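Participant: okay, here's the prediction I keep looking at, along with the sequence it came from:
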Protein chains: 2
Amino acid sequence: MYLTQGLHRCLQQRPDAIATISGQRAQTYRALADRVARLAGGLKKLGIVPGDRVAYLGLNSDRFHEYYLGAFWAGAVVNPVNTRWSAGEIAYSLDDSGSFILFADETVLPRLDQIRAAYSDLRHLVWVGEGERPDGTIDYEELIASAEPVADERRGGDELAGLFYTGGTTGFPKGVMLTHANLVTGALGAVAWRFVNPGGIFLHAAPMFHLADFAAWTIITLTAGVQVMVPAFNPVAVLKAIETHKVTDTVMVPAMLQLLVDAPELRNFDLSSLNHIGYGGSPISEALLLRAKTALPGVTFCQAYGQTELSPITTLLLPEEHEPGSPRLRSAGRAVPHAEIGIVDEDGARVPTGQVGQIVAKGGHVMAGYWRKPEETQAALKDGWMHTGDAGYLDADGYLYVVDRVKDMVISGGENVYSAEVENAVARHPAVATCAVIGLPDAKWGERVHAVIVLKPGASATDEEIRAHAKELIAGYKCPRSVDFVEALPISSTGKVLKRELRTSYAAKEQEFEYG
Amino acid sequence: MYLTQGLHRCLQQRPDAIATISGQRAQTYRALADRVARLAGGLKKLGIVPGDRVAYLGLNSDRFHEYYLGAFWAGAVVNPVNTRWSAGEIAYSLDDSGSFILFADETVLPRLDQIRAAYSDLRHLVWVGEGERPDGTIDYEELIASAEPVADERRGGDELAGLFYTGGTTGFPKGVMLTHANLVTGALGAVAWRFVNPGGIFLHAAPMFHLADFAAWTIITLTAGVQVMVPAFNPVAVLKAIETHKVTDTVMVPAMLQLLVDAPELRNFDLSSLNHIGYGGSPISEALLLRAKTALPGVTFCQAYGQTELSPITTLLLPEEHEPGSPRLRSAGRAVPHAEIGIVDEDGARVPTGQVGQIVAKGGHVMAGYWRKPEETQAALKDGWMHTGDAGYLDADGYLYVVDRVKDMVISGGENVYSAEVENAVARHPAVATCAVIGLPDAKWGERVHAVIVLKPGASATDEEIRAHAKELIAGYKCPRSVDFVEALPISSTGKVLKRELRTSYAAKEQEFEYG
């Protein structure tokens, strides 16, 4: 199992079919394969030997696609970098992974000096931007043009394919080591259950550096589809790409889907080619599903739950399970054919159906470990079971309900309070647009439940009203003991509320209050 | 990746759904899982430790299914034995694999004494037959009832799952070592392309000891379907099972399909539940496809090509490619998502499109090797490429045409003659029902092309007519130099003509003639 398999097969089966469409550029599989073999030759000239890491920092484009395939062809390990990271985080991932070559576009410019200052071992920067090439960088097209095509190293199986740094919500980034077998297994299992349909015209609307989009990339690459890229998510650009290129499939997070179906421009485009949207990151609300079904008639939806450590797809809520009114809409679906899942207590013992505990998963998609972090690896992987850090429960039919990150659980007065449960209760107040619940240090309760609320435009509510509302829905000890109203919540690049940031900023405020 | 994954998932997702239907017996996943865990306990009591081999010799039944799962649950390696083998061949496979436990039903009885005599290390025979239990054997139900359920060993990944002995057409049996990862990869890739639909009601009509049926078993086990067994292929039993159990999917060889669609009883059964047939072993003739489409309206067909060493599926001709009149009907389709294929010459170099050479394949489905045969393994596996021993060519769109076993190629006067090409030419004579072409030793030509022909009932033809007919279609050097008319051809359990037997018997006849 190796990630270049799909390119070989496409070259054999449909060499003159279109492989990628990116902006004004389109190319066939034959042209792509030639460029990939030359890019691999270029990487070797720059000193890459099998097993070396190569990083990419950029928006979606056909060059990102070529980078993935070219790196694998050369036997290298990919390190796609999150474009929203700070210079410090980027330098950390380059340094930790030992990536001495970085492909980058304009997104790097504001941070380039800082990155170079923080990571002196960056030997080559290959410029994949469309604009003027900065001094001291290598031109991407020249690298390809000047290199001879080389033979595919065909590294595969249990050999490392990529380091995918997780960060944002869970502390210092860790390099998740995924092998070729991990990624191919995850793709085959996900396509067997049709998270994305095989061989379609796929639109990369979500960031290509993110593993959710990369999972779709793997499926489409293995099943000989067409890959269409928009640089970054933007409702009108996405709508236009769907119409122009007759896109059939895409993958989004619910926040993107919401922006898309609520876009007033939607009615101006012919979206009849679109027939399937895979989404992940969180369940879809019934209201959004109904709006999406109206805006995009005939489109089917499939939800994935997983995490980077699981390549990432582990459960799926299938199209036929997207029934408005069904309580299963709040679930993440059931284990995919390549995964086994379970719920365990703090001692690692299985808990009964319906009881909340930590979600664990086993299968060919489970990461090889965290890069150079044996202790963290040992803590996460026990007997091959990935301990996800997510809290959840299973119903009698094996549907998984993710209630929280274990780390986001508030322990107040000795009771476990799942922040998602409190958030759901608070969010049902008519004045509330969105909210986040965190635990704050408390002398009496250990932690106290604190709600940070964004009100709907023009709406108003008081602390007291919110607490009274919550008490009607959930137990008293779960209700927010303090409430704060804000303009907006800090959100990660994948649409998740950054609770760590919230906790840090509130902890700082409380200190100011105590000592100020 | 481990083959018991599906059972765990079914137990979590649909514990009270029917898992198996075999004769008068049906059981739920919950009951099955309990029996499997006890059977594994029983195997451990009989001395099985992880990695040990356990053999099964019997007709299709739910016990065969339990044996597969119970052996994997105990960490053992399965060794399903071909029921049509001689006592000597069976004893060889038990001895070579070191299987000291054999599960067997009535099919073993005529050969039991011979097997025991030839393989003295057979410690336990577990009786799975429906009839009277022979002395000195262990009762299957007692073994299960008396054992405590044990925890799943969850052996998987690159650990050995089964030894599948190949034999019949290609010389002395070799134990093909397939790992859990091989088999799960093959199943996920095949279901992604819908060789069998996931989660259907599947009928085991082909022998369960054969890897083609086992591939379907793996798919249905991983995707939570229902498994229905008939003891052995018989058109009326198959028709009745389809009607009674509302079977949706099955797998056959074309010879079985022919018997089914030509059965006069077909019209007496309601076959409306059936929607898909996977087949393999050879392409389907256009005539048979047309008859099958008439007899089974609405049923789709998918052809697989592969071999035991490839777990076994490697190419698929998809339902939409089954177009009567299309030249691609004679192909074996294209490489599946988990495989890369190529055609090489005698030096291992790739040959141009359209040129015949040896078919090679690479991917996660390629066997770990031949059991205790390092030289044969080295000859078959080069850089991870399985050298199939099959001759074939690819067209410009990557469709594979299998022309022959490399070993069945006749070398006459220094020219390569592919027996399949000659057979196709001869078979187009209106009097010919079927034919096999072999090479016989010849003083002048090295080998001479010899055709063994079965005429249609009531038809007649002479040697001269056959040769004149062939000369109109193929080059003179490819035409049969000698022709023989027989009542029937020797056929293997999987429907292949046993050319080795034909060659041996003709070689013996020629010797009689020379020295007689």
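Facilitator: Now that the structure is in, tell me what you want to look at.
Participant: close to chain B: what parts of the stretch 1-150 of chain A are there?
Facilitator: Residues of the stretch 1-150 of chain A lying close to chain B by Cβ under 8 Å from any Cβ of the partner chain are A:1, A:5-6, A:8-9, A:12-14. All C-beta atoms are positioned from the backbone trio N, CA, C, and that covers glycine.
Participant: which positions in chain A make contact with chain B?
Facilitator: Residues of chain A that fall close to chain B, judged by Cβ under 8 Å from any Cβ: A:1, A:5-6, A:8-9, A:12-14, A:154, A:156-158, A:181, A:184-185, A:188-189, A:191-193, A:198, A:222-223, A:334-335, A:337-341, A:362-364, A:384, A:394, A:397-398.
Participant: inside strands: which ones of those residues?
Facilitator: Helix and strand membership here follows DSSP state E; of the residues of chain A next to chain B, those in strands are A:334-335, A:339-341, A:362-363, A:394.
Participant: put the buried members of the residues of chain A next to chain B into a ChimeraX selection.
Facilitator: Selecting just the buried residues from the residues of chain A next to chain B in ChimeraX takes one command, with 16 or more other Cβ atoms under 10 Å in any protein chain shown as the test:
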select /A:1,5,6,8,9,12,13,14,154,156,157,181,184,185,188,189,191,192,193,198,222,223,334,335,337,338,339,340,341,362,363,364,394,398
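Participant: ranges for the helices of the stretch 401-516 of chain A?
Facilitator: Secondary structure of the stretch 401-516 of chain A by DSSP state H, counting those that start in this stretch: the helices cover A:419-427, A:463-471, A:499-515.
Participant: now the ones you listed as a markdown table including mean neighbour count and mean pLDDT?
Facilitator: Converted to a markdown table, the helices of the stretch 401-516 of chain A look like this (neighbours: other Cβ atoms under 10 Å in any protein chain shown; pLDDT from 0 to 100):
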| stretch | mean neighbour count | mean pLDDT |
| --- | --- | --- |
| helix A:419-427 | 21 | 84 |
| helix A:463-471 | 16 | 92 |
| helix A:499-515 | 13 | 67 |
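Participant: break chain A down into its domains, please.
Facilitator: Under the assignment named as automatic domain parsing, the residue ranges that make up the domains of chain A are A:5-392, A:409-515.
Participant: return the most buried member of those.
Facilitator: domain A:5-392 (a mean of 20; mean count of other Cβ atoms under 10 Å in any protein chain shown).
Participant: any weak-confidence spans in chain A?
Facilitator: When the per-residue scores of chain A are filtered using pLDDT under 70, the ranges that remain are A:167-172, A:493-495, A:507-516.
Participant: try 80 this time
Facilitator: Within chain A, the ranges that satisfy pLDDT under 80 run A:167-172, A:281-283, A:404-409, A:413-416, A:421, A:491-496, A:500, A:507-516.
Participant: what about the residue nearest to residue A:330 when sequence neighbours are not counted, which SS state?
Facilitator: Nearest residue to residue A:330, sequence neighbours excluded (Cβ to Cβ, 6 or more residues apart in numbering or on different chains): residue A:283, at 5.4 Å. Residue A:283 falls in the coil class when you classify it by DSSP: H, G, I helix; E, B strand; the rest coil.
Participant: can you tell me how far residue A:283 is from chain B?
Facilitator: 18 Å (Cβ to the nearest Cβ, to the nearest Å).
Participant: residues in contact with that residue?
Facilitator: A:254, A:303, A:317, A:329-332 (Cβ atoms under 8 Å, 6 or more residues apart in numbering or on different chains).
Participant: go again using 7 Å as the cut-off
Facilitator: For residue A:283, the contacting residues are A:303, A:329-330, A:332, by Cβ atoms under 7 Å, 6 or more residues apart in numbering or on different chains.
Participant: for the stretch 301-450 of chain A, just list every one of the strands.
Facilitator: Defined through DSSP state E, counting those that start in this stretch, the strands belonging to the stretch 301-450 of chain A, from first to last, are A:313-317, A:334-335, A:339-344, A:357-363, A:369-370, A:381-382, A:385-394, A:400-405, A:410-412, A:415-417, A:432-442, A:446-455.
Participant: what pairs with the second one, parallel or antiparallel?
Facilitator: Counting by DSSP bridges, the strands paired with strand A:334-335 are strand A:313-317 (antiparallel).
Participant: and what of the fifth one?
Facilitator: Looking at strand A:369-370 with DSSP bridges, its paired strands and their directions are strand A:174-179 (antiparallel).
Participant: what does the strand it pairs with rub up against?
Facilitator: Taking Cβ under 7 Å, 6+ apart as the rule, strand A:174-179 contacts A:96-97, A:158-166, A:308-309, A:311, A:367-371, A:373, A:376.
Participant: out of those residues, name the ones that lie in helices.
Facilitator: Judged by DSSP state H, the contacts of strand A:174-179 include A:96-97, A:376 as members of helices.
Participant: and which of those residues is nearest chain B?
Facilitator: Taking Cβ to the nearest Cβ as the measure, chain B lies nearest residue A:376 of those, at 22.0 Å.
Participant: grab the nearest non-local neighbour of that closest one.
Facilitator: Once flanking residues are discounted, residue A:376 sits nearest to residue A:370: 4.7 Å by Cβ to Cβ, 6+ apart.
Participant: chain B: which of the contacts of residue A:283 is nearest?
Facilitator: Within the set of the contacts of residue A:283, residue A:332 lies nearest chain B; the separation is 13.3 Å, counting by Cβ to the nearest Cβ.
Participant: and the residue lying closest to that closest one once chain neighbours are set aside, what are its bridge partners?
Facilitator: Residue nearest to residue A:332 in three dimensions, not counting chain neighbours: residue A:305, with 3.4 Å by Cβ to Cβ, 6+ apart. Listed beta-bridge partners, residue A:305: residue A:315 (assigned using DSSP bridges).
Participant: what's near enough to touch residue A:305?
Facilitator: Remark: with contacts taken as Cβ under 7 Å, 6+ apart, residue A:305 is in contact with A:280, A:314-315, A:332-333, A:400, A:402.
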